[in-house]
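**Q** generate coordinates for the sequence data below:
(one chain, ligands or ions: 2)
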Amino acid sequence: MSCKKCLDKVIDTYPSKVKKNRQKHMLIKQSDETQEIQANTRTIPGIITNRGCAFAGCKGVVIGPLRDMVHIVHGPVGCSYYAWGTRRNKAKTKGDEKNFINYCFTTDMQESDIVFGGEKKLKEAIREAVELFNPAAITISATCPVGLIGDDIKSVAAEAEKEYGIQVLAFDCEGYKGVSQSAGHHIANNILMRDVIGKVEKSEKEIPKYSVNILGEYNIGGDGWEISRILNKIGYEIVSIMTGDGTYEELKNTHNANLNVVQCHRSINYISEMLETKYGTPWLKVNFIGVNETIKTLRNMAEYFGDQELIDRTEEVIAEELSEIEETFEMFKKMCEGKTAFLYVGGSRAHHYQGLLKEIGIDTVMAGYEFGHRDDYEGRDVIPYIKLDADTRNIPDLHVEKDEKQYRLYLSPERLQKLKEKMPLGQYAGLIKEMKDGTMVIDDLNHHETEALLKAVKPDVFCSGIKDKFISQKMGIFSKQLHSYDYSGPYAGFKGAVIFAKDISAGINTPTWSYITPPWKKEPIIEGKINEE
Ligand code: CFN
Ligand code: HCA
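**A** Ligands and ions are numbered 1, 2, ... in the order given. As a prediction, the model looks like this:
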């Protein structure tokens, strides 16, 4: 069955209003057309989405990995546990630094707190955290009930700052805000930019020439460590990683770097843009997933700095790393070749992983994001602007996205020149461009669509998350979690690509699937429409 027919069949079962809505979130790739997709809109209630909430995006994703801060979740214990226990952002303690990554802090709100208010409990939690742990700083994240009863977490934070002399940041990231995790990323970005980044004076000393920040890298399964290993080997100095295995102390210094490299564009584009506006630091979209993408990224970074010495060292490291992996990578590739995949992840990995799958011979036949915006699908054009004067530069409190396909980049004339020389500064290709003609792109895929499409297309691997992993595996289709990596990783960089290839080849080739009888082999498949009368 063609992909077009598959999609028609899947949405044919919907009532007409739902059908009309969902149709706009789906397309079949046609490279001879300019294609648009509806994204970042409210999910149809009750449709069983995989999306998460604003709290998950703010606390779980962006601020949670900062290891020297105590992150207090003001709300029911389940919210705190979810945003801590299910995330695989690894962190190492260095020297006598503080590391609270293994702790899960919450005010554990009860019914009486909902009735009488939870501020007292929050103050008590902050006091306990300071006395027991003496952290560098504290964050407070609001959950849905806190917003509904109106606890004033900002005042509590301001009072605590005065009392204890450390920064206490309040994030109004109640889960219900916005339409997905994406709202939470935005809230986290704004506060980190306004209150933390730049708290250390712009360095008096000369900033190391090859100093970079890595933005949107959360060290899931150790990805950030593998990326750092490669960059350090070449000679880069990493000022701050946002935020995997990152620290509050490093974050304050973020503006003292010469280039921001952005791995996950969706969760941290706001900070990369604000850093460009306020400090003039340009950003470069990178991708350390896949061998070819890693090579391209390293070459782009070297080209940005432009020194022959760095360019040569980059080539040396690429050659060294390749020679270490080539043989094993080839072996796993042979075991995966000719297979097909579905790729449905949050807001950037459905894009990042396509290249790596291709490298091991696997074609992506369906890809989509839970909460990507239109630019994550369609890409973004760069409109170069000359940098503003220092006194007219300010941090926009809220980043306004009038047209998601347009992005303003403030550039000095020299950097504008670089751009003209095809340096992809500030550019973002988007997912659709990478896909083959005739393949499916689906936004905010839901349970029904997942099940129906798996049945119809039967891909060899379904790359997704914990909420839909077992729908697929019960059908006899191997599933690889691309959020948590199923306890594996790292998958980034050269060595990570081999681990990924090994995991995928093991999953596809295991005899397990022959012991499962998929539903379509034992249930009649109803063809045609049921008469509604
Ligand atoms: S680590 Fe990132 S890479 S931050 Fe984002 S958009 Fe989520 S938590 Mo899950 S795995 Fe996923 Fe991306 Fe960026 Fe992770 S694809 S959904 S909010 N995501
Ligand atoms: C979230 C976090 C999540 C969930 C993963 C999953 C993550 O946004 O709620 O559904 O498997 O990566 O931990 O995206």
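
**Q** all contacts plus neighbour counts: C-alpha atoms, from now on.
**A** OK.

**Q** what is the neighbour count of Asp96?
**A** Other residues lying near Asp96 total 6 when counted by other CA atoms under 10 Å.

**Q** which SS class is it?
**A** coil (DSSP: H, G, I helix; E, B strand; the rest coil).

**Q** ok, now Met242?
**A** Classified using three-state DSSP, Met242 is strand.

**Q** show me what it is bridged to.
**A** Leu215 (DSSP bridges).

**Q** near ligand 1, which residues of the protein?
**A** The chain has residues 57, 61, 181, 218, 264, 266-267, 345-349, 483 near ligand 1, with proximity defined as CA under 6 Å from any ligand atom.

**Q** let's see 5 Å
**A** By CA under 5 Å from any ligand atom, the residues of the chain that approach ligand 1 are Cys264, Ser267, Val345, Gly346, Gly347, Ser348, Arg349, His483.

**Q** out of those, who has the most neighbours?
**A** Per-residue neighbour counts (other CA under 10 Å) across the residues of the chain next to ligand 1 peak at Ser267, which has 28 neighbours.

**Q** so it makes contact with Ile187?
**A** No: using CA atoms under 8 Å, Ser267 is not in contact with Ile187, being 10.3 Å away.

**Q** Throw the residues of the chain next to ligand 1 into a markdown table and include pLDDT, secondary structure and distance to Glu337, thanks.
**A** A markdown table is the format used below for the residues of the chain next to ligand 1 (pLDDT from 0 to 100; DSSP: H, G, I helix; E, B strand; the rest coil; distance: CA to CA, whole Å):
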| residue | pLDDT | secondary structure | distance to Glu337 |
| --- | --- | --- | --- |
| Cys264 | 97 | coil | 28 |
| Ser267 | 97 | helix | 33 |
| Val345 | 98 | strand | 22 |
| Gly346 | 98 | coil | 26 |
| Gly347 | 96 | coil | 27 |
| Ser348 | 96 | coil | 24 |
| Arg349 | 97 | helix | 21 |
| His483 | 98 | coil | 24 |
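
**Q** could you list which of those also contact ligand 2?
**A** Within the residues of the chain next to ligand 1, those near ligand 2 by CA under 5 Å from any ligand atom are His483.

**Q** for the residues of the chain next to ligand 1, which one is nearest Thr314?
**A** Thr314 has its nearest neighbour among those in Cys264, at 22.5 Å by CA to CA.

**Q** wait, that closest one sits on Ile214?
**A** No: the criterion here is CA under 8 Å, and Cys264 misses it with Ile214 at 9.6 Å.

**Q** bridged to the residue lying closest to Ile47 once chain neighbours are set aside, which residues?
**A** Residue nearest to Ile47 in three dimensions, not counting chain neighbours: Asn446, with 6.5 Å by CA to CA, 6 or more residues apart in numbering. Judged by DSSP bridges, the bridge partners of Asn446 are Thr49.

**Q** confidence score at Thr392?
**A** Looking at Thr392, its pLDDT reads 34.

**Q** ok so, going back, what number of residues lie near the residue nearest to Ile47?
**A** When neighbours are defined as other CA under 10 Å, Asn446 has 20 of them.

**Q** ignoring the adjacent residues along the chain, who's closest to whatever residue of the stretch 301-450 of the chain ends up closest to ligand 2?
**A** Using CA to the nearest ligand atom, the single residue of the stretch 301-450 of the chain nearest to ligand 2 is Gly346, 6.1 Å away. Of all residues not flanking Gly346 in the chain, Glu370 sits nearest, at 4.6 Å (CA to CA, 6+ apart).

**Q** next: Asp486.
**A** Here the residue nearest Asp486, using CA to CA, 6+ apart, is Lys480, at 6.9 Å.

**Q** and the helix or strand encompassing the one you found, what does it pack against?
**A** Per DSSP states H and E: Lys480 is located in strand 478-481. Contact partners of strand 478-481 among helices and strands, from 3 or more CA pairs under 8 Å, 6 or more residues apart in numbering; DSSP states H and E: strand 461-464, helix 466-474, helix 493-509.
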